[in-house]
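K.L.:
Show me how the following folds:
(2 chains)
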Number of protein chains: 2
Amino acid sequence: MSDSPAGVADLLGVLAYAELTAFLRLAEDATRHAPSLGDRAALGDLAATEYAHFRLLHDRLTSLGVDPEEAMAPFVGPLDGWHTQTTPGDWLEVLVKAYVGTGIALDFYREAAARVDAETRRLVEEVLADEGRSQFAVERVSAALKEDPAQGGRLALWARRMVGEALSQGQHVAAARPELARLLAEAAGEDITRMFARLTEAHGRRMAAMGLTPKP
Amino acid sequence: MSDSPAGVADLLGVLAYAELTAFLRLAEDATRHAPSLGDRAALGDLAATEYAHFRLLHDRLTSLGVDPEEAMAPFVGPLDGWHTQTTPGDWLEVLVKAYVGTGIALDFYREAAARVDAETRRLVEEVLADEGRSQFAVERVSAALKEDPAQGGRLALWARRMVGEALSQGQHVAAARPELARLLAEAAGEDITRMFARLTEAHGRRMAAMGLTPKP
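P.N.:
Numbering: from 1, shown residues only, chains lettered A, B, ... in the order given. Model (predicted):
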């Protein structure tokens, strides 16, 4: 165990609910917007992986003697709020959300995990590793942009809105869960500017990978 | 391989799409209607199992040299139609659908699988085995009915509507896919009455298990 058990339970709790709700939302997006059976199955694949991660985090909470539902409860409001504010309107928005929106959230969790105990960190790293699963989203979006570059503007705005909403919900979470905020602050040390630079850089790389010019 | 490869591809195709779409719809139902995080996770569990089944069927089609998307395509219309006609309005309807609606469909698939080759049948049996996964739906519904018996009437009607819609979509499928219809007819032999008696009996057992009086 870490010397910060409340922070660890919060980290595992927010991650568990993030995975559970990502699973359910991706499945919903696949039903509503996937243009072909192959696309539906590919997004289903992503969704099922999120569910497997949810189960790992759920079991880890249980083995630490923490009730998973209690650990997730504080984060239901902010995460549901984020998803409501970023409900995709079409297939390209679904793909950008699956890659860019999820990516920035995972980067935050990874930063927060830098100072927890080794076993928790190992689990968090496993859950956060992308392993090329979202590569199909990158390929689909960059192909669509090559065909119709005019889509780039609205998708860049869409990505920016997701990041803005994430920061806004993140502030609510930090205010409500000081232990979790402390994990992140301790991990950043005195150099919180560098942490934000890392996050911004990673976001820019994802935008570029899709063929979207990152807007500073 | 069976002596009826087109029927087998149809059977695996309809089953694969049934599992894929059940996965996606259950996830959607969980997001919309689950009254607690525990309920959401329990329905998520069911959904993830459907997805694992979809993958097994998908891989079996591929190994038979059949394109899974082509095999599923004829059944997208009827199965989407069934789900649209049976979109649950609340959590109890979600549970009755997960247990009764899915149950009657699975019984049909099981009958159709009686005459295919041994390896396909083994896979179909594995996919169709319930293994108590939907037990939580039975428990939740019968507890709700004990508390408020007045709900029984509308839920019994709801279950009847699902069966009616299934028969209606089943007729479209049988007309469009004669090989699949032949699998079912061959399995029933001359005794199609007995097959329907078996299906009706199983449906009645499920209704009774939930505390719903089966309406003849």
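
K.L.:
Which residue would be the closest one in chain A to chain B?
P.N.:
In chain A, the residue that lies nearest chain B is residue A:27 (3.3 Å; CB to the nearest CB). Glycine gets a C-beta too; all of them are placed from N, C-alpha and C.

K.L.:
ranges for the helices of chain A?
P.N.:
In chain A, the helices defined using DSSP state H lie at A:5-33, A:37-63, A:68-85, A:91-96, A:102-112, A:118-128, A:135-147, A:151-176, A:178-188, A:192-210.

K.L.:
Of those, give the one that comes closest to residue B:168.
P.N.:
In terms of CB to CB, the element of the helices of chain A nearest to residue B:168 is helix A:5-33, at 21.6 Å.

K.L.:
Surely residue A:83 and residue A:21 touch.
P.N.:
Yes. Shown here, residue A:83 and residue A:21 form a contact pair, counting by CB atoms under 8 Å, at 6.4 Å.

K.L.:
of these two, who's got more company?
P.N.:
Legend: neighbour count by other CB atoms under 10 Å in any protein chain shown for residue A:83 and residue A:21, higher for residue A:21 (23 against 20).

K.L.:
Does that one touch residue A:82 like I think?
P.N.:
No. Judged on CB under 8 Å, residue A:21 makes no contact with residue A:82 at a distance of 9.0 Å.

K.L.:
remind me which residues of chain A are low pLDDT?
P.N.:
A:1-5, A:130-131, A:190-191, A:214-216 (pLDDT under 70).

K.L.:
can you list the residues of it near chain B?
P.N.:
By CB under 8 Å from any CB of the partner chain, the residues of chain A that approach chain B are A:17, A:20-21, A:23-25, A:27-28, A:30-31, A:36-38, A:40-41, A:44, A:47-48, A:51-52, A:54, A:58, A:68-69, A:72-73, A:76.

K.L.:
Now do the contacts for the residue nearest to residue A:20 when sequence neighbours are not counted.
P.N.:
Residue nearest to residue A:20 in three dimensions, not counting chain neighbours: residue A:54, with 4.5 Å by CB to CB, 6 or more residues apart in numbering or on different chains. Applying CB atoms under 8 Å, 6 or more residues apart in numbering or on different chains, we find residue A:54 in contact with A:16, A:19, A:20, A:23, B:41, B:44.

K.L.:
7 Å instead?
P.N.:
A:16, A:19, A:20, A:23 (CB atoms under 7 Å, 6 or more residues apart in numbering or on different chains).

K.L.:
my guess is the first one contacts residue A:70, does it?
P.N.:
Yep, that's residue A:16 we're talking about. No. Residue A:16 is not in contact with residue A:70 according to CB atoms under 7 Å; the separation is 11.1 Å.

K.L.:
Settle it for me: which of the two has more neighbours?
P.N.:
When residue A:16 and residue A:70 are compared for neighbours, residue A:16 comes out ahead with 27 against 12, by other CB under 10 Å.

K.L.:
how close does that one sit to residue A:9?
P.N.:
10 Å (CB to CB, to the nearest Å).

K.L.:
what touches both of the two?
P.N.:
With CB under 7 Å, 6+ apart, residue A:16 and residue A:9 have common neighbours A:61, A:71.

K.L.:
can you list the residues that contact stretch A:33-45?
P.N.:
A:26-27, A:29-30, A:88, A:90-91, A:94, A:136, B:20, B:23-24, B:51, B:69, B:72-73.

K.L.:
Among those, which one has the most neighbours?
P.N.:
residue A:27 leads those on contacts (other CB under 10 Å) with 30 neighbours.

K.L.:
list the contacts for the closest residue in space to that residue that isn't next to it in sequence?
P.N.:
Using CB to CB, 6+ apart and skipping the chain neighbours, the partner closest in space to residue A:27 is residue B:27 (3.3 Å). Applying CB under 7 Å, 6+ apart to residue B:27 gives the contacts A:23, A:24, A:27, A:28, A:47, B:44, B:47.

K.L.:
what number of residues lie near the fourth one?
P.N.:
When neighbours are defined as other CB under 10 Å, residue A:28 has 23 of them.

K.L.:
Which residue comes closest to it once chain neighbours are left out?
P.N.:
Nearest to residue A:28 is residue B:28, by CB to CB, 6+ apart, at 4.7 Å.

K.L.:
Contacts only, for the one you found.
P.N.:
A:27, A:28, A:31.

K.L.:
Now do the residue located most distally from the centre of chain A against residue A:125, distance only.
P.N.:
Here the centre of chain A is the reference, and by CA atoms, centre = their mean the most remote residue is residue A:147, at 28.2 Å. Using CB to CB, residue A:147 is found at 37 Å from residue A:125.

K.L.:
If anything else comes up later, I'll come back, but that's it for now.
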